[in-house]
Structures are given as structure tokens and as C-alpha cells.
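Enquirer: Here is my input; please provide its structure:
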Amino acid sequence: MLSQAVSQDLQDQHFTVVGAAGFVGRRLCATLQARGAQVWAPARHGPWPWQLPQGHALGHVMYCAGLTADYLARPFDTVQAHVSHLAQVLQHGLAQGTLQSLVYLSSTRLYDGLGDVLGGGTANEGAILPIDPTNSRHLYDLSKGLGESLCYVAGQGLARVARLACVYEGPQDSDGFLPALLRQVLQARAAGVRRVQVSSSPHFTRDYVHLDDVVDALIRIAVQGQQPVYNVASGANVSNAALFEHLERRWGCAVQPLLDVQPVLPPVVNIARLRTELHWQPRPLLAALDEMLATEQGT
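Expert: From the prediction side, this is the model:
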């Protein structure tokens, strides 16, 4: 279900989803098809240049291809997915003349270095990003930044960037700290245990945004967006301490952190552009957790 979704009519609109086998791409395809769109998802290692199915135009291209946790182990694949293949797709789409828009999925992780500068302040889309080529962690940031730059410089006003925060759906997700924690808590509850331990610190904070809200935002950006960059986040950082307290109070399971690291606080991601221009309203994390618990309990 889309959260507070605009009842947009996508009937007969054409979408091409690159990276359709991934976490976001898979749900995006299903949602677009459910809303009447004509969707084509090219195979990951299919022939190039693309041979589109008869009657299908590129239309709105949703570029969801990319690496996350394993980017350091696969640096060449990371650059290929974030930059090289994007360049092919964008150049091909512009040459074909059937490209209506391209939405490139980037990350609010690009703001993490601003925590040192802003002291936990607010980061908007126009922030100057601190990226260091000698920092191996910044391979990801640099490749995403170059992809963004390509959209801006060569996209002819048709390419837009969506910077995503930590995307989650629930305990069934294959990756991520939050889904793993929820699985751990649910398994403990099922076993009649009311306490779990996690190898994390109560001081870590993250901005979590629900998968359905992300998909809704991406469709709005593709069809209605006007700006080159949009932040797709909840707009609120949630500390592990607040998350653990909520799980104990509402889910009945205490969470004991095994670390006490004091990290630099990341900035709060400003989502005013998406809220005001495209009337997008993401759900808060703790409210979403209450919905999950109600579903789990069948209430």
C-alpha cells in the first residue's frame, strides 16, 4: 500500500526500470504495474544497446541499479553501476528521443561528512558535499556524486536525482540493521524471551524511510518533478536509544547495546522540497513500527 499516495493515473504511461531485481526496483515495478503503467525491466546482463519490446518507448527511466554494503569488495562493479552504465543509458535515451525523464537513485549518505561541519545541523539538496578521494569509504560517495553530476551536466533537464535515506520495509528485508533487529526481537518474543543483545551503540542515529514511501516519491519525481535533486528521507533522525526504548515499551522486549561508541551526529535531512513541491508525506518510523506490531498480532 502506498502511504498517502496521490491517486495518479499512470494508465498507458511507459516506464523503464533499470535494476528491477533489487530491493527498491522490484517494488517499484510492482507498484507501477498495479497503477496501470506499461513497464519494461531490461535484464541485468542483457544485450546492449537495448532492443525495446515492440510498442514500448523508454518513457520515464528509473535508474535503480547500484551497490550498497559490498561496494568496497567490488569497486569496479560499483563504478560500472553508478556511473558507466548510467552514462550509456542516459546517452542512449537522449539519442532515441523517447526519454521523458530519468530518475537516478543516489543516497543521503553523501551528507554524512557534513556532521563534522554542521554539528548535527540540517542538510538540504544544495549543501556542498565533503568528499575525499583518499578515503576508501568515499568510493561509494564519489561514484554516486559523479552519477549525479552526469545527470545535472548532460541530462538536458530531463534527469533528476533522488537521494535516499535508510530504506526499510520490515523484518523480512534481507539487509540492514533495523530489519535484523526486528527479526531478533520477534524471535525472542516467540521464544518467550524479553531481552536481546545487539552489537551496536545507543548513540547511533539514522534517518529511516519506508519502502512504500520511497516508491511513491520516485514516481512523483519522475512524473511531476522539476528540480535536479530531491531528498527522499523521513526528515527525522532516530537514535538507537529511542528505537530500543520504543521496542521495550511497545513490543515488550528490552534491547541491550553492547557498544558505547559516540559517533559524530549526522545532519538531519531536509525534505521541504519534496513535501512542498510534490506534496509527499512519509510516515515516521515509530508509527510504522506500531503498524507492524498490530499486523503481527492480527489486530
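Enquirer: Tell me how many other residues crowd P49.
Expert: 11 (other CB atoms under 10 Å). Every residue, glycine included, has its C-beta placed from N, CA and C.
Enquirer: pretty sure it is touching H92, no?
Expert: Yes. With contact defined as CB atoms under 8 Å, P49 counts as touching H92 (5.6 Å).
Enquirer: tell me what the helix or strand where S106 lies is packed against?
Expert: Per DSSP states H and E, S106 falls inside strand 99-107. The elements that strand 99-107 packs onto, with contact taken as 3 or more CB pairs under 8 Å, 6 or more residues apart in numbering; DSSP states H and E, are strand 59-63, helix 85-96, helix 138-154, strand 159-164, helix 211-224.
Enquirer: So which residues make contact with that strand?
Expert: 14, 19, 24, 58-64, 66, 86, 89-90, 93, 140, 144, 147-148, 151, 155, 158-165, 218, 221-223, 225 (CB atoms under 8 Å, 6 or more residues apart in numbering).
Enquirer: partners of it, with directions?
Expert: strand 59-63 (parallel), strand 159-164 (parallel) (DSSP bridges).
Enquirer: So A242 lies in a helix, does it not?
Expert: Yes. A242: assigned to a helix according to DSSP: H, G, I helix; E, B strand; the rest coil.
Enquirer: Now do the strands for this structure: every range, in order, please.
Expert: Here the chain has its strands, by DSSP state E, at 14-18, 38-40, 59-63, 99-107, 122-123, 159-164, 166-168, 195-198, 205-206, 208-210, 229-232, 238-239, 254-257, 268-269.
Enquirer: Determine how far the first one lies from the middle of the whole chain.
Expert: It stands for strand 14-18. Mean-position distance between strand 14-18 and its chain equals 17 Å (CA atoms, centre = their mean, to the nearest Å).
Enquirer: Show residues contacting it.
Expert: By CB under 8 Å, 6+ apart, strand 14-18 touches 25, 28-29, 32, 37-42, 56-65, 85, 89, 100, 222.
Enquirer: Give me the buried subset of those residues.
Expert: Among these, those classed as buried by 16 or more other CB atoms under 10 Å are 25, 28-29, 32, 37-42, 57-65, 85, 89, 100, 222.
Enquirer: returning to that earlier point: CSV for the strands of the chain, including mean pLDDT and distance to H246?
Expert: Putting the strands of the chain into CSV (pLDDT from 0 to 100; distance: least, CB to CB, whole Å) gives the following:
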stretch, mean pLDDT, distance to H246
strand 14-18, 98, 34
strand 38-40, 97, 37
strand 59-63, 98, 33
strand 99-107, 98, 25
strand 122-123, 94, 24
strand 159-164, 98, 23
strand 166-168, 97, 14
strand 195-198, 97, 14
strand 205-206, 96, 14
strand 208-210, 98, 12
strand 229-232, 98, 23
strand 238-239, 97, 9
strand 254-257, 97, 10
strand 268-269, 96, 19
